[in-house]
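Asks: the amino acid sequence is not available; the structure is as follows:
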């Protein structure tokens, strides 16, 4: 077998493996097995994982909660072969209050740059039927350091199909029905997440979220 044919068959096998992994990915089961953690707006959030396996990747989240549900641990392993992201998502019952201007998050990171995500909860986030954007911002972390950040809703970057878009649509707090955290090879700007704040090949990650709070304009 010449080199061209060998490379062709290797590429074909790799593509078939990716397609089969995507077909086996059970998003509904992940949602059924959601983990309760963190009080927000009077309710305990319920977190499910959504990893690059939905597109045939091999990264995997292993998230957990403290015994009293007061701290969420988002951890796992990224595999950049055929993919490159892990995430956790939780519905926000009833959406954000109309007067919400910002979200304050307390966390302990590992030196990587994560993303915070907000959306209307549309399940077609990775499909062609997706019409409304998700809203994102980067979350830089320092290794093993307690940190707090306040994210203004009007500073969020609109995104469709995994990349930033230009749109006249403004985020409406009452339509925000889901939030999440992601570690991805892409930043919210669409630029590559540097190796120094992401990683390369196969590597672990760890982000502990200690609290999430909605703030009005008067509380900023």
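Replies: Received, thanks. Computed from a predicted model, the values in this text were never measured in an experiment.

Asks: low-scoring stretches of this structure, by residue?
Replies: For the chain, the stretches with pLDDT under 70 are 1-27, 54-56, 123-131.

Asks: helices of that one, start to end?
Replies: 3-24, 27-32 (DSSP state H).

Asks: contacting residues for the residue nearest in space to the middle of the chain?
Replies: Geometric centre of the chain, nearest residue: residue 182, 2.7 Å, by C-alpha atoms, centre = their mean. Applying C-beta atoms under 8 Å, 6 or more residues apart in numbering, we find residue 182 in contact with 85-87, 114-115, 117. The way it works is simple: take the backbone N, C-alpha and C, and place the C-beta from them, glycine included.

Asks: columns distance to residue 29 and neighbour count on top of these, output as CSV?
Replies: Converted to CSV, the contacts of residue 182 look like this (distance: C-beta to C-beta, whole Å; neighbours: other C-beta atoms under 10 Å):
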residue, distance to residue 29, neighbour count
85, 19, 23
86, 17, 28
87, 16, 24
114, 24, 27
115, 24, 22
117, 21, 23
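
Asks: surely residue 76 touches residue 53?
Replies: No: taking contacts as C-beta atoms under 8 Å, residue 76 lies outside contact range of residue 53: 11.3 Å.

Asks: the more surrounded of those two?
Replies: residue 53 (24 against 21; other C-beta atoms under 10 Å).

Asks: how much space between that one and residue 190?
Replies: With distances taken as C-beta to C-beta, to the nearest Å, residue 53 is found 22 Å from residue 190.

Asks: same thing with residue 205?
Replies: Residue 205 is 21 Å from residue 190, where distance means C-beta to C-beta.

Asks: with residue 214 instead?
Replies: To residue 190, residue 214 is 27 Å away according to C-beta to C-beta.

Asks: what's the answer for residue 170, then?
Replies: With distances taken as C-beta to C-beta, residue 170 is found 20 Å from residue 190.

Asks: more neighbours: the two, which one.
Replies: Using other C-beta under 10 Å, the more surrounded residue of residue 170 and residue 190 is residue 190, with 12 against 9.
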